[in-house]
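*Asks:* How does the following fold in three dimensions:
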Amino acid sequence: MHHPLAGAPVPAKRCPEKRQLSYTQLNMFLRCPRQYEYRYVHGLKVPPSGAMVQSRVWHQTVEFNYRQKIHSDRDLALGEILRQLVQQVAAQFADIAERRGFAGADLVPEALVRPVLDRLSAAYRGRRVEGM
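*Replies:* Purely as a prediction, here's the structure:
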């Protein structure tokens with residue numbers, strides 16, 4: 001008697017995919033298994049806090065100045081730094097608005113930008129600024 005699958009190619013044995021576990025993932029799992037499940041199993045990310053966004057914008061602006069300073073040996077003028085800062089704030093604001101479903105939200109409220117601009121201006125002029 002002839003078997004219907006006789007002579008058919010034998011599929012290669014599938015080995016389970018090796019997954020890497022980073023220190024961050026392990027630390028999150030040990031700290032809060034549910035948070036790990038949401039993030040790495042279901043792919044849900046916790047949106048950054050306002051402080052994290054402000055810090056990111058601040059860092060990107062300072063980095064922008066220092067990267068160009070490598071070649072020019074001078075800091076940018078305050079107006080150029082402020083323009084870069086406003087661009088970064090606008091980009092972050094638009095990204096957050098888009099993620100929350102506010103399509104076309106391309107205007108940055110003055111109330112969000114003014115405190116950051118004031119701190120940057122004070123720091124740039126060499127005054128001591130609390131929290132910096």
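*Asks:* ok now stretch 27-44, how far from the chain's centre?
*Replies:* Here stretch 27-44 shows a centroid-to-chain-centroid distance of 18 Å under the convention Cα atoms, centre = their mean, to the nearest Å.
*Asks:* how about that stretch: buried residues?
*Replies:* By 16 or more other Cβ atoms under 10 Å, the buried positions in stretch 27-44 come out as 28-29, 36, 39-40. For the C-beta atoms, the positions are set from N, CA and C on the backbone; glycine is no exception.
*Asks:* and residue 53, how many neighbours does it have?
*Replies:* Look at residue 53: counted by other Cβ atoms under 10 Å, it has 18 neighbours.
*Asks:* tell me which helix or strand of this structure sits lowest on mean pLDDT?
*Replies:* Lowest on mean pLDDT, DSSP states H and E among the helices and strands of the chain sits helix 110-124, with a mean of 70.
*Asks:* my guess is residue 61 meets residue 84, correct?
*Replies:* Yes. Between residue 61 and residue 84 there is a contact under Cβ atoms under 8 Å: 5.3 Å.
*Asks:* on that earlier part again, out of the buried residues of stretch 27-44, who's nearest residue 95?
*Replies:* residue 39 (18.9 Å; Cβ to Cβ).
*Asks:* Where does pLDDT dip in this protein?
*Replies:* Along the chain, the model assigns pLDDT under 70 to residues 1-16, 18, 103-113, 116, 120, 124, 126-132.
*Asks:* Could I get the buried residue list for stretch 90-106?
*Replies:* For stretch 90-106, by 16+ other Cβ under 10 Å, it's 90, 92-94, 97.
*Asks:* ok, back up a step: from the buried residues of stretch 27-44, which two are the most distant?
*Replies:* 29 and 39 (9.6 Å).
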